[in-house]
Structure formats: structure tokens, C-alpha cells
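Undergrad: predicted structure and sequence below. I'll ask about it afterward.
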Amino acid sequence: KGQATSAMLASWVAQASSDPPGISVAVAKDRAIESFLQVGDTFVLNVLQEGHYQPLMRHFLKRFPPGADRFAGIKTYPAANGSPILADALAYLECRVVSRLETSDHWVVYSTLEAGRVSSPEGLTAIHHRKVGNHY
């Protein structure tokens, strides 16, 4: 957003529409990245690949000091909308926020897809299963 960048590892992403193609992403209200996901904002959803996601997951799960570059040391290239695409991602989707639904502790952010690419049609999407569902 402007010159500022941010990132998060999303737990809840789902297809939300097919015409136009759209997704929903749940973002905790206390996350700083929430301010980057207002109506009209753009972002890239990077899809990680099964068997190759652990280094990126560890990187984005660690705590960063305020103002730190969350992409330092990570190979990226710019999307048409200016957001960073992870070079090691299986796929990416360029998104524009259309609406937001408030829940008790999260925002459900609905975005339409403006572009995207799959780097390997043989690759499988990474899925991380939590041991318990009541602690994140």
C-alpha cells in the first residue's frame, strides 16, 4: 500500500465466487495487515507448494519488529498491481478488495481476482494441518 509492504500467512482462504472469480480471506482484527485490506486495496495471494513450503512458512510466522521488511531475504518479483510475488510460490492471484464482513474477532475480506498464474501444473497446494483448532 503506497511504499509500505506487509505479509501474513493465511489460515482461512476460500473460493467465494466464480463470476467474477473471487476469494475470501479471514484476517484477525488485531493484525497490522488488516489496514492494508480495505475496499479498493490490492494484494497478491501467493499459493505455496506441498513439500516446499516449510522455509517460507517459518519465515512468515516469525515475529518482525514494527516497520521491518517482511520480504528481506525472500526472492520476489512485482505483480502488475505492485504487490510482491514469491518466486518460490506454486501459484499467485492478483486480488482487489471488494467488500468486508465484520465478525467478532476477524474480518472476512472478499476480493475479486484480476490476474494470476500457476508455475507448475503438477504441483500440489500446501496444506498445513494444526494439531488443535482452538490455538493459533
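TA: Alright, I've got the coordinates. Note that the structure is a prediction, hence the values are computed from the model and not measured.
Undergrad: tally of neighbours for the residue lying closest to Pro78 once chain neighbours are set aside?
TA: With CB to CB, 6 or more residues apart in numbering as the criterion, Pro78 has its nearest non-adjacent residue at 6.6 Å, and that residue is Pro84. Every residue, glycine included, has its C-beta placed from N, CA and C. Neighbourhood size, Pro84 [other CB atoms under 10 Å]: 19.
Undergrad: isn't Pro84 right up against Ser6?
TA: No: counting by CB atoms under 8 Å, Pro84 stays clear of Ser6, with 10.1 Å between them.
Undergrad: nearest residue to the middle of this protein?
TA: Leu45 (3.9 Å; CA atoms, centre = their mean).
Undergrad: who's in contact with the worst-scoring helix or strand of the chain on mean pLDDT?
TA: None of the helices or strands of the chain scores lower by mean pLDDT, DSSP states H and E than helix 54-61, at a mean of 86. If you take CB atoms under 8 Å, 6 or more residues apart in numbering as the criterion, helix 54-61 is touched by 7-9, 48, 70, 73-74, 86, 88, 126, 128.
Undergrad: mind doing that once more with 7 Å?
TA: 7-9, 48, 70, 74, 86, 88, 128 (CB atoms under 7 Å, 6 or more residues apart in numbering).
Undergrad: and these, which of them are in strands?
TA: Leu86 (DSSP state E).
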